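S.K.: Prediction below, plus the sequence it came from.
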Amino acid sequence: MTQSSLRRFGTELASFYYLTILNLCTGAIAIAFVTVSFAINFLPPGPAVRPGIFTVWVAAGVASVLLSIFWITLSAKILNGIQRIWGEYTRRTEPVPDKTLAGWIIGTVTSYRKNRGAIRAMILVCIASGVCLLVFGITGTLESYSISLTSGTMTISSVHIIPPALVALFIALVSLASSWYFAKFSRISDGRQREIERGTEQLERSFGMGKE
């Protein structure tokens, strides 16, 4: 294998590793964000929010917390699957033997095969978390907006809602982007697994032909 193969493998491994770390941290931030928002809004006297909006806001927040727990659990499981390979890769000394690189590639595919269900669940959880957090952020700011259709103006009654809205938007964007990246990694790993299986079948046929 060439040096370019090592660089390409390293780029993919690092991207996946840091993506998983980012999701682990973002899930924790999401729980903290929703918890703090609940604490602030449930403390007396509390904001005057229309019952319908308040119900949607609470439901979206509870759903976000539950999904974030799954988000963290799945991230930790996926991270654990590649931790050994990541450690060996970061401690490597140049040059890396072809046998070692091949072992790392097979190891990542094996890890994917073991955690395929977790990765596919992660894709769905990221999408659901992103949607719930967007709803949570939007409904949490509705009471602070007023729109005049006649004059075509919009006013914000409190600037304090802007930072929470931005935090909710950031977490939602990270979750939705992560879903896309995990889906991309899943497609790449499926392709590599098929290549390994085809190579194994060809090797078995070669041995079979040799015996005849």
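M.R.: Sure thing, it's come through. Numbers count the residues shown, from 1 in each chain.
S.K.: now stretch 82-98, how far from the chain's geometric center?
M.R.: Here stretch 82-98 is found 24 Å from its chain centre; the criterion is C-alpha atoms, centre = their mean, to the nearest Å.
S.K.: for the protein, where's the lowest mean pLDDT among helices and strands?
M.R.: In the chain, no helix or strand scores lower on mean pLDDT, DSSP states H and E than strand 145-148, which sits at a mean of 44.
S.K.: Would you map the strands across the chain?
M.R.: 145-148, 153-156 (DSSP state E).
S.K.: Next, the contact list for residue 9, please.
M.R.: If a contact means C-beta atoms under 8 Å, 6 or more residues apart in numbering, then residue 9 has 101, 104, 105 as its contacts. The way it works is simple: take the backbone N, C-alpha and C, and place the C-beta from them, glycine included.
S.K.: between these, which has the most around it?
M.R.: Highest neighbour count within the contacts of residue 9: residue 104, with 22 neighbours (other C-beta atoms under 10 Å).
S.K.: That residue and residue 85 touch, don't they?
M.R.: Yes. Using C-beta atoms under 8 Å as the test, residue 104 is close enough to residue 85 to be in contact (5.4 Å).
S.K.: intersection of neighbour lists for the two?
M.R.: By the contact definition C-beta under 8 Å, 6+ apart, residue 104 and residue 85 are jointly contacted by residue 13.
S.K.: give me the low-pLDDT residue ranges for this protein?
M.R.: Flagging of the chain using pLDDT under 70 yields the residue ranges 1-2, 42-51, 142-162, 200, 203-212.
S.K.: In space, what's closest to the residue most central in space within it - neighbours in sequence excluded?
M.R.: Compute the mean C-alpha point of the chain, and by C-alpha atoms, centre = their mean the closest residue is residue 178, 3.9 Å away. The spatial neighbour of residue 178 that comes closest, neighbours along the chain excluded (C-beta to C-beta, 6 or more residues apart in numbering), is residue 126 at 4.7 Å.
S.K.: From the chain's centroid, how far away is stretch 20-30?
M.R.: For stretch 20-30, the distance between its averaged C-alpha position and the chain's averaged C-alpha position is 8 Å (C-alpha atoms, centre = their mean).
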